[in-house]
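K.L.:
Got a sequence here, can you build the structure:
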Amino acid sequence: MAKIRISEDIVTVSDFKAQASEWLRQIAGSGHPLVITQNGKPAGVLLSPAAFDELSERQEFLAAVQEGMADEQAGRSHTTDDVFSAVEERIAAIESQ
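P.N.:
Numbering: from 1, shown residues only. From the prediction side, this is the model:
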């Protein structure tokens, strides 16, 4: 996701309402999020669908990494050698039948 450009990516809610279709085109073209302000304070952020998808995927990836790290710390993980040994044992057992 592109960084916010302070001079171009902040708009008041009244300006956004007056030119919503133009702002949506700008977001789609630039990939930059748009900060919408109300009474001089940030009230919301508008993202393109692609930027939203990217943000969601990053969040899911980080959650998976954190889960994996917690599993490793809790002893719920296996080394590559252990996994290959277990697979080889199962293959040998199947072949010997």
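
K.L.:
next one: stretch 64-76 to chain centre, how far?
P.N.:
In terms of C-alpha atoms, centre = their mean, to the nearest Å, the centre of stretch 64-76 is set 20 Å apart from its chain centre.

K.L.:
And the average pLDDT for it is what?
P.N.:
Model confidence over stretch 64-76, given as mean pLDDT, is 96.

K.L.:
Repeat that for stretch 79-93.
P.N.:
95.

K.L.:
Secondary structure element for the residue nearest the centre of the chain, which one?
P.N.:
The C-alpha lying nearest the average C-alpha coordinate of the chain belongs to Arg58 (C-alpha atoms, centre = their mean; 2.4 Å). For Arg58, the host element (DSSP states H and E) is helix 49-73.

K.L.:
Outside of the following helix or strand past that helix itself, which residues are in contact with it?
P.N.:
On the C-terminal side of helix 49-73, the nearest following helix or strand under DSSP H and E is helix 80-95. Here helix 80-95 makes contact (C-beta atoms under 8 Å, 6 or more residues apart in numbering) with His78. Where you see a C-beta, it was placed from the backbone N, CA and C, and this is true even at glycine.
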